[in-house]
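# Just to be clear, the model below is a prediction. Sequence and coordinates:
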Amino acid sequence: MSSTDILLQQRDGAVLVLTHNNPAVRNALSPEFYAALTAALQQAAADDSVGAVVLTGAGGMFCSGGDLRQLIKRRELPETERRQRLEGLHDLIRTLRDCPKPVVAAVEGAAAGAGLSIALACDLLVSARDAIYSVAYVKVGLTPDGGATAFLAEFVSRQVLTELCLTGERITGERLHALGAVNRLTDAGDALAQAVHLARQVADGPLQANAAIKALCRSAPQATLEEQLDLEAQHMVRAQGGAESLEGIGAFLDKRKPDFVKLRQPG
């Protein structure tokens, strides 16, 4: 399957919708998908007409995780080459983290294994109530990758993290919402529409401020208070001298809606 077929792209105003399109294998992961999504996110990062990104899966399935038929073949490879193959996934996770545009996951069906990692790597998560999530690696004698343990550790205790990883237990969107990882719960079939709606709320906002806010939210769980205060000060000082704050504060004082989109136009 070509990169243009495996990842569909559609625009909804300032929102870019990216759809993993391999439903025949329940949107199992592949090097082609890693490369296509990484490239699409890099292009979105450089495109000022894109304010936010939504990531979803075709056929009512977000992602079933790694393709076990391909993974079993890797046992014959040297460890260095196995590591190299894994870096495609990890480069994608880094790109999701570093993309200055907010990325919203829209999850239907299931997000298992590295599919769960990708969903949690997004900045916001909209889930169908009946969607199934699982750190499923242990079921096939493997260990987590794609940042699964890092992302889960941001909102659950070590004991809950250990339980999820050791048991591979299937949990619903409702439980993941209760644990704090899901922003919006929807009825089955409504996750994409609600994710686009959420993305629209931020897509027409101030691009530079949104990027800074995303970076601050990413650093907050790991940074010390002093480190985070320093980062906040850096971003605030920069924002105070920028065109976005001039427009935003001016609009507030003039009692009008700010127009941040006009600041993206050349000239």
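Now that the structure is in, tell me what you want to look at.

# Name the residues that touch stretch 227-234?
With contact meaning Cβ atoms under 8 Å, 6 or more residues apart in numbering, stretch 227-234 is reached by 215-216, 219-220, 223. Where you see a C-beta, it was placed from the backbone N, CA and C, and this is true even at glycine.

# Please identify the buried residues of that stretch?
Using 16 or more other Cβ atoms under 10 Å as the test for burial, stretch 227-234 gives residue 231.

# where's it relative to the chain centroid, distance-wise?
How far stretch 227-234 lies from its chain's middle: 24 Å, per Cα atoms, centre = their mean, to the nearest Å.

# now do stretch 85-99
Its chain's C-alpha centre and that of stretch 85-99 lie 11 Å apart, by Cα atoms, centre = their mean.

# sorry, back to before: list just the nearest of the contacts of stretch 227-234 to residue 25.
Among the contacts of stretch 227-234, residue 215 lies closest to residue 25 (Cβ to Cβ), at 34.8 Å.

# What count of nearby residues applies to that closest one?
Using other Cβ atoms under 10 Å, residue 215 has 16 other residues around it.

# roughly how far apart are it and residue 53?
Per Cβ to Cβ, to the nearest Å, residue 215 is found 16 Å from residue 53.

# pLDDT below threshold where in the protein?
Applying pLDDT under 70 to the chain flags the ranges 1-4, 266-267.

# again, only this time at 90
Applying pLDDT under 90 to the chain picks out residues 1-4, 66-86, 140, 264-267.

# Helices of that one, residue ranges please.
Secondary structure of the chain by DSSP state H: the helices cover 3-6, 31-46, 68-71, 79-98, 114-121, 148-152, 158-167, 173-179, 191-203, 207-219, 225-240, 243-254.

# Is residue 115 in contact with residue 29, as I believe?
Yes - with contact defined as Cβ atoms under 8 Å, residue 115 reaches residue 29; the gap is 6.9 Å.

# list residues touching both of the two?
Residues within reach of residue 115 and of residue 29 at once, by Cβ under 8 Å, 6+ apart, are 63, 65.

# Of those two, which one has the most company?
Between residue 115 and residue 29, residue 115 has the larger neighbour count (other Cβ under 10 Å), namely 30 against 27.

# how far away is the more buried one from residue 25?
Residue 115 is 12 Å from residue 25, by Cβ to Cβ.

# Ok, residue 160 next?
Applying Cβ to Cβ, the value for residue 160 to residue 25 is 30 Å.

# Kindly report the domain assignment for the protein.
As given by automatic domain parsing, the domain ranges for the chain are 3-203, 207-264.

# Burial-wise, tell me which of those domains comes out on top.
domain 3-203 (a mean of 19; mean count of other Cβ atoms under 10 Å).

# now it, how far from the centre of its chain.
Between the centre of domain 3-203 and the centre of its host chain there is 6 Å, according to Cα atoms, centre = their mean.
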